[in-house]
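*Asks:* got a predicted model here, sequence first, then my questions.
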Amino acid sequence: MLVLEPASGAVSHTTIRELPHYLDPGDVLVLNDSRVIPARLIGRRRDGGEAEVLLLRPVDGDRLRWEALTRPARRLDAGAQVWFDGSKLAVSIDARQGETATVRLTGVADPLAEVRRIGQMPTPPYIKERLRDSARYQTVFAAEEGSAAAPTAGLHFTPELLSAIRHRGVEIAFVTLHVGVDTFRPIRVDDPARHAIHREWFRIEEATASAINRARQRGGRVVAVGTTSVRVLETAAEGSLVRPGEGWTGLLILPGHQFRVVDAMLTNFHLPKSSLLMLVSAFAGRERVLAAYAEAIRERYRFYSFGDCMFIAAHV
């Protein structure tokens, strides 16, 4: 774990086991408890060719109709179908919208149960091998199913580490944000403010909002685990507090954003030109983050989903 002090730019090196020492009694640690759906489906088209369907999110809450990525897109226009070996599940393409499609799940009484049975974990493209143990791509506190990718900063936590954090006098609270793969797409426009980040569904329970607000009122810090937790908290901000509720967030956090709730954060190392790296730069300062990344490269830190992490002690 690389530790960055944004005020000075100082960098130090330790391990995730030492995280409790960087937290203070009275702080609240906020984690995203979304659970990944094994929603990568490999099947066959009508002509026998291979097809892939990655379910992203239900359309209007309908668990039979989904927004999805499909490959090869040029062979999967509206009206096409995909079938799967050893299953009666069928995926019908209802319509295309640019890079994504609206698809319908048919053929079985409980399509989601069948997706869980035959689907693969939707790991990032740089992970070439199928995971032997799909639990490796779930956090130990994952609860509500709905994500197309793991909130990977949470993968560093074990039950023992969570227990040590509580023993330190730090309260642990959970938010839910169902992660979509669009979050990880690179920014391809010259002006990042024109980048179209897709909406993601989130929820903050009353108990979580109360824990966060109590911490802020007593002078404790709000420590967000992962950029997904940061987006939820900043979306739900009311002044320096948060309001409970649920809905969709399309919040794009860029340098210049005034953070109202999050005081410190734990995050992985992100891809260049990503909205995630810009969020971290907004939090700690672009030059300091780039210098910390250069230090991480020199020290052979591992980047991306199963990589190492960075603790940013407090935003500038």
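*Replies:* Looks like it arrived, so ask away.

*Asks:* all helices in the stretch 51-200 of the chain, in order from the N-terminus.
*Replies:* Along the stretch 51-200 of the chain, counting by DSSP state H, counting those that start in this stretch, helices occupy 111-118, 159-167.

*Asks:* give me the buried positions along the longest one.
*Replies:* Residues 162, 164, 165 are the ones in helix 159-167 that count as buried (16 or more other CB atoms under 10 Å). Heads up, the C-betas are built off the backbone N, CA and C, glycines and all.

*Asks:* now pLDDT too, for these, in TSV please.
*Replies:* Output for the buried residues of helix 159-167, formatted as TSV (pLDDT from 0 to 100):
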residue	pLDDT
162	98
164	98
165	98
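
*Asks:* possible to save the residues you listed as a markdown table with distance to residue 114?
*Replies:* Formatted as a markdown table, these follow (distance: CB to CB, whole Å):
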| residue | distance to residue 114 |
| --- | --- |
| 162 | 33 |
| 164 | 40 |
| 165 | 38 |
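
*Asks:* residue 116: which of those is nearest?
*Replies:* residue 162 (25.9 Å; CB to CB).

*Asks:* residue 135 versus the closest one, what's the distance?
*Replies:* 16 Å (CB to CB, to the nearest Å).

*Asks:* and what of residue 300?
*Replies:* 27 Å.

*Asks:* what does residue 310 give?
*Replies:* Taking CB to CB, one finds residue 310 at 25 Å from residue 135.

*Asks:* what's the answer for residue 24, then?
*Replies:* Counting by CB to CB, the gap from residue 24 to residue 135 is 32 Å.

*Asks:* more neighbours: which of the two?
*Replies:* residue 24 (15 against 10; other CB atoms under 10 Å).

*Asks:* residues contacting that one?
*Replies:* 169, 170, 220, 221 (CB atoms under 8 Å, 6 or more residues apart in numbering).

*Asks:* count the residues that sit near the residue nearest to the third one when sequence neighbours are not counted.
*Replies:* The shortest distance from residue 220 to any non-neighbouring residue, by CB to CB, 6 or more residues apart in numbering, is to residue 26 (3.6 Å). Counted with other CB under 10 Å, residues neighbouring residue 26 total 15.

*Asks:* next: residue 309.
*Replies:* 22.

*Asks:* quickly find the element holding residue 290.
*Replies:* Per DSSP states H and E: residue 290 is located in helix 286-298.

*Asks:* not counting sequence-adjacent ones, nearest residue to the residue sitting nearest the centre point of the chain?
*Replies:* By CA atoms, centre = their mean, the mean C-alpha position of the chain lies nearest to residue 151, the distance being 3.5 Å. Of all residues not flanking residue 151 in the chain, residue 32 sits nearest, at 4.1 Å (CB to CB, 6+ apart).

*Asks:* what sits against the one you found?
*Replies:* Counted by CB under 8 Å, 6+ apart, residue 32 has contacts 139, 151, 154, 174-177, 179, 225-226, 228-229, 232.

*Asks:* and if we set it to 6 Å?
*Replies:* Contacts for residue 32 (CB atoms under 6 Å, 6 or more residues apart in numbering) come out as 151, 175, 177, 226, 228, 229.

*Asks:* ok, back up a step: from residue 127, how far off is the residue nearest to the centre of the chain?
*Replies:* For residue 151 relative to residue 127 (CB to CB), the value is 16 Å.

*Asks:* repeat for residue 277
*Replies:* When residue 277 is compared with residue 127 (using CB to CB), they lie 19 Å apart.

*Asks:* ok, the two, which is more surrounded?
*Replies:* Applying other CB under 10 Å to residue 277 and residue 127 shows that residue 277 carries more neighbours, namely 21 against 13.

*Asks:* the closest residue to that one other than its chain neighbours sits in which helix or strand?
*Replies:* Nearest residue to residue 277, sequence neighbours excluded (CB to CB, 6+ apart): residue 270, at 4.3 Å. Here residue 270, judged by DSSP H and E, is contained in no helix and no strand.
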